[in-house]
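J.: just coords:
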């Protein structure tokens, strides 16, 4: 190949950016037209691979995403022509333009973005929860099967089989490639948001796969752009941005996790906080994600740990507990009340939350009791509780955090 | 797509007894829309007979193939555009509350 006019590193970056920006659109559109998930993924990947060899020589095209779409489409036409697929599909493929291809008409004439169809299909309740997350990562985000396998602690071939089964199930069970409308949308949207949330947690978790958090934010942005009238979508995006703003401040120089009160707030991503608060300002309703985002905003906008508006946080947890009761919400509510109204109030709520054994074996409940006990002044008991919580915890980073909390308890 | 919907009992029926749909109305509605091709109730499992042939020998046993608490008590053959439509049809059936429904796509061997 002749010497290219462009710096190879810059070209590689351009290919990566164009692929990240257009992968979902290309895959989603090719799936709608061909009905073939694997073909769509293969063609999208081959387009990126071809860009890597061609752009260094030819230069980065003016519309990189359009170039990738055209190449992927032509590749799909080649493959299908060889497989002598019906003429109708080939004609449909041939008229796909390089840029305006993402919109196909829904039955009622409404224009629906193909990427939205793809998300709703990947997150269909008739697929297992694990399959939904894996399929979304692979097909919507374009994450490699090897990377997904690593995050799920399975071998690559096992993950390949899982993805193949999920795609086969979509076809065999008759799962539609469609965004539900009317009351069905309200029923299905929480399931889609739950997949995004799981994706984010997998990424944000101390021992997780950081790239997944970025993917979750990208997807939430996309959904928010495509469904601007859905308050819980905006709320979820705000929640992600606000939580993610702390990513660089969460660990000390040795890689140990730091609790909120020990983090250097100057290292929080204040641009992300401003954006998150701005997105949240559009949300008036009290949905579960809206309440969680408002709690996160209280933390993110406090000038110091001492200045945190714990009364507002405790109140938001009260509403969340009514709206979406769960042992973990009750646990966090107890902690918030402990800060807002004193450790005794927190310990009382914690005891109520643990009644019936709902939080048995949940190390963070022991950690919360340790924290509240320490603040009430019973250091010896608190230290023992911190150690118990650390022993019960499986994540290495969190275990280290709890061990250190026990060691750092102020002396008499 | 065609779906064979198995109508099954369940050991944990819905505890909310309000507004249980009427099965006659369900049949009338889906027959009228052409979504229900056929369907019926089944006799009790005490009337079931299981048939196998092994090494040329006919084995006939009384009772169902599998002994479980949840049994198939009926079936409906549905014609639906996709799984979402079939789920909507199934959710409106009284046995979605009183028992459970299993949707099995029919494989068109000629297609």
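T.: Sure, I can see it. Nothing here was measured: the structure is a model prediction, and the numbers come from that model.
J.: all contacts plus neighbour counts: C-alpha atoms, from now on.
T.: Fine.
J.: remind me which residues of chain B are low pLDDT?
T.: By pLDDT under 70, the low-scoring segments of chain B are B:111.
J.: And the helices in it?
T.: B:23-32, B:83-91, B:95-98 (DSSP state H).
J.: Nearest to residue A:54 among those helices would be which one?
T.: Residue A:54 lies closest, by Cα to Cα, to one member of these: helix B:83-91, at 43.0 Å.
J.: Would the closest one count as contacting chain A?
T.: Yes: for helix B:83-91, a contact with chain A is found by Cα under 8 Å from any Cα of the partner chain, at B:83, B:84.
J.: Counting by contacts, list what that helix packs against.
T.: Here helix B:83-91 touches strand B:99-105, going by 3 or more Cα pairs under 8 Å, 6 or more residues apart in numbering or on different chains; DSSP states H and E.
J.: what does the strand it packs on contact?
T.: A:172-174, B:1-14, B:86-87, B:90, B:95 (Cα atoms under 8 Å, 6 or more residues apart in numbering or on different chains).
J.: Figure out how far it is from the centre of its chain.
T.: 6 Å (Cα atoms, centre = their mean, to the nearest Å).
J.: thinking again about what came up before, can you select the buried ones from the contacts of strand B:99-105 in PyMOL?
T.: Buried subset of the contacts of strand B:99-105, written as a PyMOL selection, criterion 16 or more other Cα atoms under 10 Å in any protein chain shown:
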select buried, (chain A and resi 173+174) or (chain B and resi 1+2+3+4+5+6+7+8+9+10+86+90+95)
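J.: So which of the helices of chain B is the most surrounded?
T.: helix B:95-98 (a mean of 20; mean count of other Cα atoms under 10 Å in any protein chain shown).
J.: Contacts for it next, please.
T.: B:7, B:8, B:9, B:10, B:13, B:14, B:20, B:90, B:101.
J.: Strands of chain B, residue ranges please.
T.: With strands called from DSSP state E, chain B shows them at B:2-9, B:36-41, B:49-54, B:57-62, B:72-79, B:99-105.
J.: what lines up beside the second one in the sheet?
T.: Looking at strand B:36-41 with DSSP bridges, its paired strands and their directions are strand B:72-79 (antiparallel).
J.: go on, the first one?
T.: Strand B:2-9 pairs in its sheet with strand B:72-79 (antiparallel), strand B:99-105 (antiparallel), by DSSP bridges.
J.: okay, those strands in TSV with distance to residue A:399 and mean neighbour count next?
T.: As requested, these are arranged in TSV below (distance: least, Cα to Cα, whole Å; neighbours: other Cα atoms under 10 Å in any protein chain shown):
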stretch	distance to residue A:399	mean neighbour count
strand B:72-79	50	20
strand B:99-105	43	20
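J.: Between the ones you listed, which one is closest to residue A:159.
T.: strand B:99-105 (25.4 Å).
J.: angle of that closest one against helix B:83-91?
T.: 150 degrees (axes from the mean of the first three to the mean of the last three Cα atoms, to 10 degrees).
J.: Please tell me the pLDDT value assigned to residue A:207.
T.: We note a pLDDT of 72 for residue A:207 in this prediction.
J.: For it, grab the count of nearby residues.
T.: 13 (other Cα atoms under 10 Å in any protein chain shown).
J.: ditto for residue A:47
T.: Residue A:47 has 23 neighbours, counted by other Cα under 10 Å.
J.: Where does it sit, in terms of helix or strand?
T.: Following DSSP states H and E, one finds residue A:47 within helix A:37-58.
J.: which residue sits closest to residue 11, ignoring its sequence neighbours?
T.: No chain specified, so I'll use chain A. residue A:56 (6.1 Å; Cα to Cα, 6 or more residues apart in numbering or on different chains).
J.: Please refer instead to chain B.
T.: Residue B:11's closest residue in space is residue B:70 (Cα to Cα, 6+ apart), at 6.7 Å.
J.: For chain A, see how far away the one you found is.
T.: 21 Å (Cα to the nearest Cα, to the nearest Å).
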